[in-house]
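>>> sequence unknown, structure follows:
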């Protein structure tokens, strides 16, 4: 838990629940998993949540409720955006419904904050938030946390954004339909780490025929329209990071711009796009990647490709010259622009 966060799209992190399990390729280099098995492995909130393997720490599937942090948003008086369970997954398989209910009760009670709930378990989130008795359960739980009568002014909660992670097309097609069927004030997708090309245009448009197709978002308050309200894209960081091809990021950006959906480019990660840059220092960690992610050249061959001494058509084949560096050096510029678009939400 941190009252301030280095994550570019949020203000603070809140970890009432920690622990998780690996469910898809995007989990392989999870920063929270690595921290839980190294620097944080001896503190109570992380102890025993990972096991050692040849590849490093791996989640055990055990989850933990950190009651000492559960009331934190009630104590934060200044409104802020809060990333919920940044070191776990609120809807992980082993998280009891009672814990999720406690978290939603706090979010309902401390409604001066905006909460960003991100999960890889889209089906469970949809099922939980679609329960007919959920609001009644929140009312029943309310007094325990506040000592005051329950006051929920809207459902779904106006201050809770629901999102899913989707690192590639397979995960997008598995998770986004469930997200769009989830009762939520705002729905978003985090394509980080982006590990392949995404075609999400159909998830960016209104899904009903009651609204003109040019009305994006729906201007007449149609309750039948559901779509993604925000898209985050980012590359992977760390020593084992996998590269994000520039074409993947550009394609997602262009789809968002066409649908007038806010697009946030979080980072390149450990791999910098050096195709048109002359000011980066290049060494043995230079690669030329095709648009499908295959390696066209590495090290010296990559430099010869770049110089045109071999296969001068590599650019026309969708190649990109990527340099393994670090998050700070790679930066956040996509085609020279920093994309920080956020949804505009009214209470």
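That came in fine, so what should we check first? Keep in mind the model is a prediction, meaning the values are calculated, not measured. Residues are numbered from 1 along each chain as shown.
>>> wait, doesn't residue 188 sit right on residue 204?
No. Taking contacts as CB atoms under 8 Å, residue 188 lies outside contact range of residue 204: 11.4 Å. C-beta: built from backbone N, CA, C; applies to glycine.
>>> Compare the two (neighbour count), which wins?
Ranked by neighbour count (other CB atoms under 10 Å), residue 188 and residue 204 place residue 188 first, with 24 against 20.
>>> What strand or helix carries the more buried one?
Assigned by DSSP states H and E, residue 188 belongs to strand 186-191.
>>> Within the sheet, what are the partner strands of that strand, with directions?
Using DSSP bridges, the strands paired with strand 186-191 are strand 160-165 (parallel), strand 230-234 (parallel).
>>> bridging residues for residue 59?
Beta bridges link residue 59 to residue 50 when assigned by DSSP bridges.
>>> count of neighbours near it?
Residues near residue 59, counting by other CB under 10 Å, number 23.
>>> just to revisit the earlier point, Serialize the strands paired with strand 186-191 to TSV and add fields for mean pLDDT and distance to residue 67.
Output for the strands paired with strand 186-191, formatted as TSV (pLDDT from 0 to 100; distance: least, CB to CB, whole Å):
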stretch	mean pLDDT	distance to residue 67
strand 160-165	98	21
strand 230-234	98	30
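>>> Show me where the chain has its helices.
31-36, 67-70, 72-75, 97-109, 122-129, 134-146, 169-180, 201-204, 246-259, 300-307, 327-330 (DSSP state H).
>>> neighbours of the residue lying closest to residue 70 once chain neighbours are set aside, just the number please.
With sequence-adjacent residues excluded and distances taken as CB to CB, 6 or more residues apart in numbering, residue 70 is closest to residue 16, at 4.8 Å. Neighbour count of residue 16, defined by other CB under 10 Å: 25.
>>> what's the pLDDT at residue 150?
Model confidence at residue 150, given as pLDDT, is 75.
>>> let me redo that: residue 306
Note for residue 306: predicted pLDDT of 57.
>>> repeat for residue 214
42.
>>> start the count at 35, not 1, going forward
With 35 as the first residue, the last one maps to residue 248.
>>> Need the residues touching each of residue 222 and residue 238.
262, 265 (CB atoms under 8 Å, 6 or more residues apart in numbering).
>>> Which secondary structure element of this protein has the lowest mean pLDDT?
Using mean pLDDT, DSSP states H and E, the weakest-scoring helix or strand in the chain turns out to be helix 334-341, at a mean of 59.
>>> possible to save the strands paired with strand 220-225 as TSV with distance to residue 125 and mean neighbour count?
Below are the strands paired with strand 220-225 laid out as TSV (distance: least, CB to CB, whole Å; neighbours: other CB atoms under 10 Å):
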stretch	distance to residue 125	mean neighbour count
strand 194-199	10	24
strand 264-268	18	25
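>>> Distance to residue 159 for the ones you listed - can I get that in CSV?
Shown next, in CSV, are those (distance: least, CB to CB, whole Å):
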stretch, distance to residue 159
strand 194-199, 6
strand 264-268, 16
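>>> Lowest average pLDDT across the helices of the chain?
Within the helices of the chain, confidence is poorest for helix 334-341, with a mean of 59 (mean pLDDT).
>>> Okay, now the unreliable bits of the stretch 235-381 of the chain?
Residue ranges of the stretch 235-381 of the chain with pLDDT under 70: 240-259, 310-318, 333-348, 380-381.
>>> one more time with 90, if that's ok
Along the stretch 235-381 of the chain, the model assigns pLDDT under 90 to residues 239-261, 307-359, 378-381.
>>> give me the number of residues near the nearest residue to residue 206 once chain neighbours are set aside?
Setting aside the residues directly before and after it, residue 206 is nearest to residue 200 in space (CB to CB, 6+ apart), at 4.0 Å. Residues lying near residue 200 (other CB under 10 Å) number 28.
>>> OK, contacts around residue 200?
206, 209, 210, 223, 224, 225, 232, 234 are the contacts of residue 200 under CB under 8 Å, 6+ apart.
>>> where does the first one sit relative to residue 156, distance-wise?
Put plainly, it is residue 206. According to CB to CB, to the nearest Å, residue 206 and residue 156 sit 10 Å apart.
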